[in-house]
Each structure stands twice: as structure tokens, then as C-alpha cells.
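Engineer: Mind folding the following:
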Amino acid sequence: MNHRQRVLTALRHQEPDRVPIDLGGTVDSTIMAVAYKRLRKHLGLSAGSTRVADVYQHTALVEEDVRQALGVDVRVVFDEPNEWRQGFLPDGSPAEFPARFLPQLQDDGSQVVFDAAGNVVLKMPKNGHYFDPVYSPLADATSVRDIEKHLDAVESYDKPSHLDKDYEELAKKAKVLHENTDYLLVGFFGGHIFQSAQSLRGWEMFLMDLLVNQKFAEALMDQLAEANIRRFERYAKTVGQYVHVVQFEDDLGMQDRPLLRPSLYRKVVKPYHEKLFRFAKSRCDAYLLLHTDGAVSPFIPDFIEMGVDILNPVQVSAAGMDTKELKREFGRDITFWGGGCDSQSILPFGTPGEVANETKRRIDDLAPGGGFVFSPVHNVQTGVPPENVVAMFKTAREYGVYHS
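Structural biologist: Sure, this is the predicted structure:
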């Protein structure tokens, strides 16, 4: 089987020749840039020029020689920029960044990004590894009419200003990859609704809105859903023709519980997810992947009902996310993309042998019958030893062989 056939077979809930493998095939199953440079060195590959396309998470664009070395079957179609600039990673090593992304160093050692109006919208603390959104334009809103005053922010929230490639340009790249490689292609769309509403309104304020100001919360999520639907109409006609999976995102879980009660989700939030997901499925033949972190098992029946085909990252250390139970209960109806190795404890702090054993356990739980794409839980973090990364993927390649 080639790469594409292998993944498509698994997505059809059939067993391919081996478990499909992903690193860098989605924006949430990749590797942070510092860890990537160490991995390249450990693999004996040239240093090259690492590119950081996802500036929020400081993740690297995985290159072909790394894909080949690790046995990766997937490539991402991501709206990376046309122009790049030289910069430096948190460890001081050089890398390339989107040319329009220009954080400014502050006296306290933090880095901040301003919008056109002079508001600080992103911030990375001194010695930090991520940029976090810190500006909530709807924080002081008191009525539904106030949303209309900030429609530009609502409409553009999922499209960062530093990205300068439109869908038509991205479709050209996707077409080349579709016709000239045998990789399974994942198109990143985003489509945040709940998460965007939290950022626009402020995390605490929006969670309170869900309880005491539901009319406002529903109006905001409806605007976000409509904005995403308009964007997806263009996406489906361009990029959507060439990708096999489209990635949506909306984090709904914490480590020990969901962010909101399932009953509240179904009453207030789910209608807008369903509106967007059903529209996407009606316009594009690709599989729908939903990235949602944390303890989300109570929502999985809802995801399946709304047409979600794939769940990522399968955070195995979160409450209720036991891989054996997830596979038993939901494995016939949804593909698990992730869950390959506990990225919070074993991958960063275990030995290569412990990583291999953890990887075997997750494959035993999730691989039978197909419906599983192997990747670590979320992105490989900066401090993960490259020996552990290699042990994880080597085990997945060798132990993940199906014996029919």
C-alpha cells in the first residue's frame, strides 16, 4: 500500500498493511521547532532552515526527509505565508517566521504583537514557548447589538493577519501535492466557534454568558458559525477539491472534566457546531476531523451525530479518555487520530523503553479493525528527548503491522 491508500483504508474502518502514521499532518499533531531541530540532528539530517508557520504554538513545518525517516503517511495543506523572515527560537537558534509576524520585545522580556489599533493581541512571557491571545474586543459588550460593532473582529478571527496566502493560492499547492505525491492530504480550516467566542468575549465572561446571558452567547456563536460557513463555501470550491481530510478545531475539555456540562453543550453550543459541520459535509467530500483537547468523551456521541468522522488528539491522560474503553464504545463510528503515546508524562519523561511499551499499549487498544491513525497526543513539546521521539515512531512502524 502507498501512504494515501493506507490512511484511507483505516478511515474506512478497515485494516491496512500497517497502522498509518502522522507527524506534521495536522497543525496539532506536529512538533515544536526547538524539538524538531534536535530531532533532525539525532536522525543525522542536515540542520536546514526550520520554518515556523504556526507562530502561536511555535511548531515546525515537517520536511520530506523527516517524513521518510519516521514513516509518515500524511501531509498538511496549511495556509503558510508566501514571504518569510529570519528570526530566533526561544533557545536562541535561528529559524524562519512569517514575514508579517513581527512581535516586539518588551522591557520585562516578554514578546507582544499589536493589532492595527495598537491593542496587544498576543503575548509570550519571558522564557515562554507559546503566544497566547490576550485581547478580548467584546469584553465590555452588554447587548447583542454590541456584537455588530465588532463584526470585523468576529469575521476575521480565524484568519490571522500575518498569513498572506489566499485559498486560491493554497489550492494550487494542494493540487500539486494531490497529483504528484501519494500522501494523504489534510487541509486545515479551523472553524472555531466556542473557542473563538471565549477569546472574543473573555474566557470567564463567555462561560458566564452560557449560563446567565444565553441570548448574547447564542448571537455571538451564530455570527461565528455564519462567518465560518461563508469561508468554507470558498474553501470547498478551492482547497477542498484536493484534500482528503479537513481539520476543524474547538477545545471543549480540561484535564479532569469537560469545560461545560454536556446538557449545557447540547442546549446552547451544539446547534452551531452542527450547523457548520453539516454545511461542510454538504459541500465537500473530505472526511471531517475535529481537534478538541481534554476530557471530551461525554461529547463523542454528539460528534458522531453531527457528522464528525475523526477525533483528535485523543488525550489519553485526561479523565474518561481510556483508549480501550473509547475503542470499545465508539470505535465503529469514529476514527481516533492520536492517542499514540501519553505526551504529558511518558513521552517527555520516560525512557525509550517506556515510550515503546506505552506505544504498543495504545496500538493494542486502538488499531484492531482500523479506524486509527497513529500520532502522539497533540504536538511533541520542546523538552522531549529526540531518542523518545524515534522510539515512538519506530515502535509504531514495526509493532503496528497488521497480520491478516
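
Engineer: for this protein, where's the lowest mean pLDDT among helices and strands?
Structural biologist: For the chain, counting by mean pLDDT, DSSP states H and E, helix 151-156 ranks last in confidence among helices and strands (a mean of 85).

Engineer: List the buried residues for that helix?
Structural biologist: 153, 154, 155 (16 or more other C-beta atoms under 10 Å). The C-beta positions use only the backbone N, C-alpha and C, and glycine is treated the same way.

Engineer: nearest residue to the second one other than its sequence neighbours?
Structural biologist: Just to be clear, that refers to residue 154. Distances taken as C-beta to C-beta, 6 or more residues apart in numbering place residue 223 nearest to residue 154, at 5.1 Å, with adjacent residues excluded.

Engineer: Keeping just the C-alphas, turn the helix or strand hosting the one you found into CSV.
Structural biologist: Residue 223 is part of helix 214-237 when elements are defined by DSSP states H and E. Output in CSV follows, covering the C-alpha atoms of helix 214-237 (Å, rounded to 0.1, in the frame of the first residue of the first chain):
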residue,chain,number,x,y,z
GLN,A,214,-27.6,32.9,26.7
LYS,A,215,-29.2,35.2,24.1
PHE,A,216,-25.9,37.0,23.8
ALA,A,217,-23.9,33.8,23.7
GLU,A,218,-26.1,32.3,21.0
ALA,A,219,-26.0,35.5,18.9
LEU,A,220,-22.2,35.5,19.1
MET,A,221,-21.8,31.9,18.2
ASP,A,222,-24.3,32.3,15.4
GLN,A,223,-22.3,35.1,13.9
LEU,A,224,-19.1,32.9,14.2
ALA,A,225,-20.9,30.0,12.6
GLU,A,226,-22.2,32.1,9.7
ALA,A,227,-18.7,33.6,9.2
ASN,A,228,-17.2,30.1,9.0
ILE,A,229,-19.8,28.9,6.6
ARG,A,230,-19.1,31.8,4.2
ARG,A,231,-15.4,31.0,4.5
PHE,A,232,-16.0,27.3,4.0
GLU,A,233,-18.0,27.9,0.8
ARG,A,234,-14.8,29.3,-0.7
TYR,A,235,-12.6,26.7,0.9
ALA,A,236,-14.7,23.8,-0.5
LYS,A,237,-14.5,25.2,-4.1
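
Engineer: Which strands and helices lie in contact with that helix?
Structural biologist: Judged by 3 or more C-beta pairs under 8 Å, 6 or more residues apart in numbering; DSSP states H and E, helix 214-237 is in contact with helix 144-148, helix 151-156, strand 184-190, helix 194-201, helix 203-212, helix 270-283.

Engineer: Let me know which of these is the nearest to residue 105.
Structural biologist: Using C-beta to C-beta as the measure, helix 194-201 is the one of the helices and strands packed on helix 214-237 that comes nearest residue 105, at 23.8 Å.

Engineer: quick one: that closest one to helix 203-212, angle?
Structural biologist: Counting by axes from the mean of the first three to the mean of the last three C-alpha atoms, to 10 degrees, helix 194-201 lies at 110 degrees to helix 203-212.

Engineer: got the angle between helix 194-201 and strand 184-190?
Structural biologist: Orientation check (the same axes, to 10 degrees): helix 194-201 against strand 184-190 gives 30 degrees.

Engineer: can you give me the helices in the stretch 301-404 of the chain?
Structural biologist: In the stretch 301-404 of the chain, the helices defined using DSSP state H, counting those that start in this stretch lie at 323-330, 346-349, 352-366, 386-399.

Engineer: and the third one, which residues are buried?
Structural biologist: In terms of neighbour count (16+ other C-beta under 10 Å), helix 352-366 has its buried residues at 352, 354, 355, 356, 358, 359, 360, 361, 362, 363, 365, 366.

Engineer: so where's this structure shaky on pLDDT?
Structural biologist: Applying pLDDT under 70 to the chain picks out residues 161-162.

Engineer: burial of residue 79, as a residue count?
Structural biologist: Neighbours of residue 79 under the rule other C-beta atoms under 10 Å: 20.

Engineer: Torsion angles phi and psi at residue 88?
Structural biologist: Main-chain torsions, residue 88, degrees, to the nearest 10: phi -130, psi 140.

Engineer: Skipping its backbone neighbours, what lies nearest it in space?
Structural biologist: The shortest distance from residue 88 to any non-neighbouring residue, by C-beta to C-beta, 6+ apart, is to residue 94 (6.0 Å).

Engineer: From residue 360, how far out is that neighbour?
Structural biologist: When distance is defined by C-beta to C-beta, to the nearest Å, residue 94 is 38 Å away from residue 360.

Engineer: ok, now residue 137?
Structural biologist: Computed as C-beta to C-beta, the residue 137 to residue 360 distance reads 48 Å.

Engineer: Same check on residue 112?
Structural biologist: Separation of residue 112 from residue 360 (C-beta to C-beta) stands at 44 Å.
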